[in-house]
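Student: next input, structure requested:
(chains A and B)
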Amino acid sequence: MGKNNTRDEAEPSVPDDGTSRRNFLKGAAVGAGVVGTGATAGVLALNNEDTGESAKAIPASEGYLLVDPAKCTGCTSCMIACSTAHEGKASHSLARIQITQNPFEGFPNDINQEQCRQCTYAACVEACPTGALEADPENGNVRMVDEDKCVGCQRCLEACPYTPHRNTWNHEREYAMKCDLCADTPHWDQEGGPDGSQACVEVCPVGAIQFTDEIPTQYDDEGYKVNLRDEQWEQLGLYAGDI
Amino acid sequence: MKGHMGTILRLDLTNREISTIDTSEYEEWVGGHGMGSAIFFDLVDDKSVGAFSEENVITMMSTPLAGTLAPAASSRTEVQGISPQPYPTEWFTRSNFGGRFSAMMKYAGYDGVVIEGKAEEPVWVNVVDDEVSFEDASNLWGLGTWETQEEIWSQIGTSGWMATESPRDTGETTQKPAIATIGPAGEAEIRFGSIQHDAGNSAGNAGFGSVLGFKNLKAISFLGTGSIEMANPSDTIEARLWAEENYAYGEDEDIPLGGFWGFGSTPGSGDLDGFPTGKARAQGCVGCHKNCRKRYADSVGNESQCVEAVFYNSFDQAAHGGITKESAKAADITNQMGINAYSLSNGIPYLETLHERGILGPDGEIEADLPWNMLGESEFVEALVEKIINRDGIGEDLAEGFPRAAEKWGRFEEDIADGTLGFQYWGYPHHYDARTEVEWGYGSILGARDINEHDFNWPMYWQPTLMYLGGADPLIDAETLAEYTMEATPPHNVKPDYSDENIYSEDMAELVSWHRSYTRFWKQSVQYCDWAYTDFVNPNTEDMSGLTPEGEPRIFNAVTGADFSFEDGIELGNRIWNLDRAIWTLQGRHRDQEEFAEYTYGVTSKSGIPSSGVVGPHYMPVRKDGEWTYEDVSDRTIDKEKFNEWKTIYYELENWDPETGWPTRDALEAHDLGYVADELEAHGKLPQEA
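Tutor: Numbers count the residues shown, from 1 in each chain, chains lettered A, B, ... in the order given. Sure, this is the predicted structure:
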């Protein structure tokens, strides 16, 4: 099941009539049809001020995650917390935040900490043909995937401009996932979303992830990758300066 | 039991056959050591075979908690089999390492791996989810442990999440394959070759790397995209947050006074200030809240901690007037060559002592060509390790381990009597001292190796000793410490009285019995990390009480759905301890062998041992005239006769035969181990009923 995600592959058709994901994936496997218009009516094209690219205007999220890759310890607790809260399972592959590392590299190049950004111009939202991935007004406009609407075309993953892509293909349940700031965590009994708690922020033992309601600079890493190390970090013999 | 993946991988190297065992067959043992011992017992017909034998089976077992959020319990791998390191007998024993291996093994779908037989040619094993294959390792043979891992990554690390061209339908991962490998030391089958994973995770003591070398298994690699089901995910997260918020270092608070061990110690403290820091981060095993290790700007010394971080310090300091990068380079040599740093930690001082006395050297009675002018430089370690691995000159003797080398040189009796040869129990390097921290020594000699379990070591020894040495009062008074310890050690409720009188008492037998049981289950089977548990004393709580015994079952039950009490774990730990005892009995164990190195009885710990840095006062809790206090107990030896009387007390407490030290049928059947008693009986090893 599923499809081979080569970018130059013939694009599958996406029915706009509520076709189930399983049926869609079966259709995709034989590569039938042409691209549909999807279910996202009322799309308005705007220019991204930073990039100049045309993109879909959607309301800004009321929350964002900032990370400090120089503080991150590579324990991947955030990844496991994410998959546990959302999927009820412990996994690296079902996490919406990704820590990559090479134990033989020198600091700070040994670890990358890559979180989903709640982009103001969200390529993943724009790419979703069924309206499964939209800003959710009930949850502070967090960009969320409606599992029931997701047909599994994986275009959102391919559209994500970052490496690794920040939305995640759930190969067990065959739908796309992305960070929702824990707005929908059926396996964690705490209120999440922009006004609540985020499992990764709570669990990170060194405070290398921080929630903010201010829109970070979107253009590069600067807005999202910040220095969360303080004087105490330095007292521990760990590097607190700018990288 | 939730937390299990349901499958144990079984590798027959002789026939290159891959099969599986249903985890459910061994579920009663939970995981880790319990499962490993039970599998070893079932698969090895003749337990008396040598370490370097095709019949020897190595198990590498995970735990239901591995890969989850269980704090400091999500990343350990327990390794077992017959070890080549102990002297004079190659006992069945254990080792353990952290990192990512155990979690990745589970994400690939396996609770453990069982390694049998011996390959004709060097192989490595490649596991990507449910695809398992033997691979030719001829291009890896001879490589260091880091090079080996990088080479394997280059071969199989190109698929997955980071490569957008790959299929996603079997899952993606951004993680590198987790690899356990041996280095040139293991290939050379020296007696103290380690198993290495990532930069600084080693199963060192026990020499299992050399058993893998004998088996021609260079490495085993796991890459998994799967997931672990938990009984109650929300409770698991909440248990983690409860532990972190109440007992771990809070980064918004003042850095607490306190130690480097225990649940509440601070990030990056695992190198014990053994390296100059510079720009560095803290780094941790999967799911850990502590993050003991460091990675450095120049990557030298990455992830090294504990013994490998400090074993060369004193020489470095003597040569340079302070600790330099030479210590970190020395650590890297041990990690990359896959050699047990602990053996070198006492072995180098031993060689130096003999050299200074003119016994060892180009013109000495022991011919040796070592670059003593380089002592303190990493080049000295490099030269020594090279000689051992190549069995060049003195390396031929040292490859057999320092005790066996001393025996060959005719020096063993003399050097072990005065402590020049600092290998206190079963030929393992002197670590914590049986003369002062008796539970460490007793546990080691009743078992099969240096126990390396810091449960009592941190609160009873380091906590008061470090504070007194710093001119301050201990973190908590002796009476409170004793009270916390008694409360935290059900059902034995042990009294940590380390006075001269009490160390041979029934109290101490109860303490040792509790400790053997606690560690066999909670620490080595469930695999709560030794550097975080037990937690009798915690500097982050208002009253400095720790999370033991509440934390262990709370986290465990949330993941597994079991209804284990702390005491249930102690009981199962005692069952595992009895099974191990039966295996040792079948290997030829007798109470008469359970004797410490001679210096333990003849030289006080105050004098230290010439070849070890373990000197100085040992302030420990004692009860005098009904009052608890701390006292320096370093000015003592173990009384041989009293120790032997204590052994009888201990055996009787465990319902073992006092004449032989063998477990009785009653003891085994009480633990539902009648089949084990039958095997002892078949070998004439079952004690006769009185």
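
Student: where in chain A is pLDDT low?
Tutor: Across chain A, the ranges flagged by pLDDT under 70 are A:1-57.

Student: go again using 50 as the cut-off
Tutor: In the prediction, chain A carries residues with pLDDT under 50 at positions A:1-19, A:22, A:26-46.

Student: those helices in it, which residues are they?
Tutor: Here chain A has its helices, by DSSP state H, at A:21-29, A:77-87, A:123-127, A:155-159, A:199-203, A:231-235.

Student: now those helices as CSV including distance to residue B:178 and mean neighbour count?
Tutor: Every C-beta, even on glycine, is put in place using the N, C-alpha and C of the backbone. Converted to CSV, those look like this (distance: least, Cβ to Cβ, whole Å; neighbours: other Cβ atoms under 10 Å in any protein chain shown):
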stretch, distance to residue B:178, mean neighbour count
helix A:21-29, 31, 17
helix A:77-87, 14, 28
helix A:123-127, 30, 21
helix A:155-159, 25, 22
helix A:199-203, 21, 24
helix A:231-235, 28, 15
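
Student: let me know which of those helices is the nearest to residue B:373.
Tutor: Of all these, the one in closest proximity to residue B:373, counting by Cβ to Cβ, is helix A:231-235 (38.6 Å).

Student: quick one: distance of the closest one to the chain centre.
Tutor: The gap between where helix A:231-235 is centred and where its chain is centred comes out at 31 Å by Cα atoms, centre = their mean, to the nearest Å.

Student: would that helix count as contacting chain B?
Tutor: Yes: using Cβ under 8 Å from any Cβ of the partner chain, helix A:231-235 reaches chain B at A:232-233, A:235.

Student: what segments of chain A are strands?
Tutor: In chain A, the strands defined using DSSP state E lie at A:45-47, A:54-56, A:64-67, A:89-90, A:98-101, A:111-114, A:133-136, A:142-145, A:168-170, A:175-177, A:209-212.

Student: scratch that, the stretch 1-150 of chain B
Tutor: Here the stretch 1-150 of chain B has its strands, by DSSP state E, counting those that start in this stretch, at B:7-12, B:17-22, B:58-61, B:77-82, B:92-97, B:112-116, B:123-128, B:131-136.

Student: tabulate those (a markdown table), appending mean pLDDT and distance to residue B:570.
Tutor: Below are those laid out as a markdown table (pLDDT from 0 to 100; distance: least, Cβ to Cβ, whole Å):
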| stretch | mean pLDDT | distance to residue B:570 |
| --- | --- | --- |
| strand B:7-12 | 98 | 25 |
| strand B:17-22 | 98 | 27 |
| strand B:58-61 | 98 | 20 |
| strand B:77-82 | 98 | 18 |
| strand B:92-97 | 98 | 18 |
| strand B:112-116 | 98 | 23 |
| strand B:123-128 | 96 | 35 |
| strand B:131-136 | 96 | 37 |
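
Student: TSV for the ones you listed, including mean neighbour count and distance to residue B:222?
Tutor: As requested, the strands of the stretch 1-150 of chain B are exported to TSV (neighbours: other Cβ atoms under 10 Å in any protein chain shown; distance: least, Cβ to Cβ, whole Å):
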stretch	mean neighbour count	distance to residue B:222
strand B:7-12	21	9
strand B:17-22	14	14
strand B:58-61	28	10
strand B:77-82	28	10
strand B:92-97	26	14
strand B:112-116	24	9
strand B:123-128	23	5
strand B:131-136	15	10
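
Student: out of these, nearest to residue B:522?
Tutor: For the strands of the stretch 1-150 of chain B, proximity to residue B:522 was assessed by Cβ to Cβ; strand B:77-82 is nearest, at 12.5 Å.

Student: return the list of strands paired to that closest one, each annotated with direction.
Tutor: Strands that pair with strand B:77-82, judged by DSSP bridges, come out as strand B:58-61 (antiparallel), strand B:92-97 (antiparallel).

Student: CA atoms only: put the shortest one into CSV for me.
Tutor: As requested, the backbone C-alpha atoms of strand B:58-61 are provided in CSV (Å, rounded to 0.1, in the frame of the first residue of the first chain):
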residue,chain,number,x,y,z
ILE,B,58,25.6,-14.2,23.8
THR,B,59,22.3,-12.5,24.4
MET,B,60,21.7,-8.8,23.9
MET,B,61,18.4,-8.0,25.5
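
Student: contacts for it, please.
Tutor: Contacting residues not belonging to strand B:58-61 are listed as B:8, B:31-33, B:35-36, B:39-40, B:77-81, B:105, B:111-115, B:180, B:208, B:211-212, B:215, B:220 [Cβ atoms under 8 Å, 6 or more residues apart in numbering or on different chains].

Student: contact residues of the stretch 301-450 of chain B facing chain A?
Tutor: Counting by Cβ under 8 Å from any Cβ, the residues of the stretch 301-450 of chain B lying close to chain A are B:302-303.

Student: what segments of the stretch 301-450 of chain B are strands?
Tutor: Using DSSP E, counting those that start in this stretch, strands in the stretch 301-450 of chain B cover B:360-361, B:366-367.

Student: what helix or strand is the nearest residue to residue B:519 once chain neighbours are set aside on?
Tutor: Nearest non-adjacent residue to residue B:519, counting by Cβ to Cβ, 6 or more residues apart in numbering or on different chains: residue B:453, 4.9 Å away. According to DSSP states H and E, residue B:453 maps onto no helix or strand at all.

Student: now do the same contact list for residue B:453.
Tutor: Listed by Cβ under 8 Å, 6+ apart, the contact partners of residue B:453 are B:440, B:443, B:515, B:519, B:523, B:530.

Student: just put the residues you listed in CSV and tack on neighbour count and pLDDT.
Tutor: As requested, the contacts of residue B:453 are exported to CSV (neighbours: other Cβ atoms under 10 Å in any protein chain shown; pLDDT from 0 to 100):
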residue, neighbour count, pLDDT
B:440, 27, 98
B:443, 25, 98
B:515, 24, 98
B:519, 25, 98
B:523, 28, 98
B:530, 22, 97
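
Student: from the residues you listed, which two are the most distant?
Tutor: Taking Cβ to Cβ, the two most distant members of these are B:440 and B:523; they sit 14.0 Å apart.

Student: where does the stretch 401-550 of chain B get nearest to chain A, residue-wise?
Tutor: Using Cβ to the nearest Cβ, residue B:532 is the residue of the stretch 401-550 of chain B that sits closest to chain A, at 11.5 Å.

Student: among the strands of the stretch 1-150 of chain B, which is nearest residue B:574?
Tutor: With Cβ to Cβ as the criterion, residue B:574 lies closest to strand B:92-97 of those, at 16.3 Å.

Student: now find how far off-centre that closest one is within its chain.
Tutor: For strand B:92-97, the distance between its averaged C-alpha position and the chain's averaged C-alpha position is 6 Å (Cα atoms, centre = their mean).

Student: what does it rub up against?
Tutor: B:33, B:36, B:40, B:47, B:76-83, B:86, B:180, B:195, B:197, B:201-206, B:208, B:447-449, B:524, B:527, B:530, B:580, B:583-584, B:587.

Student: which among the strands paired with strand B:77-82 is found nearest to residue B:660?
Tutor: Going through the strands paired with strand B:77-82 one by one, with Cβ to Cβ as the measure, strand B:92-97 comes closest at 17.7 Å.

Student: using PDB, write down the CA coordinates of that closest one.
Tutor: As requested, the backbone C-alpha atoms of strand B:92-97 are provided in PDB (Å, rounded to 0.1, in the frame of the first residue of the first chain):
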ATOM      1  CA  PHE B  92      28.700 -16.600  33.000                       C
ATOM      2  CA  THR B  93      28.200 -12.900  33.500                       C
ATOM      3  CA  ARG B  94      26.700  -9.600  32.200                       C
ATOM      4  CA  SER B  95      27.600  -6.300  30.800                       C
ATOM      5  CA  ASN B  96      25.500  -3.400  29.600                       C
ATOM      6  CA  PHE B  97      25.600  -0.300  27.400                       C
END
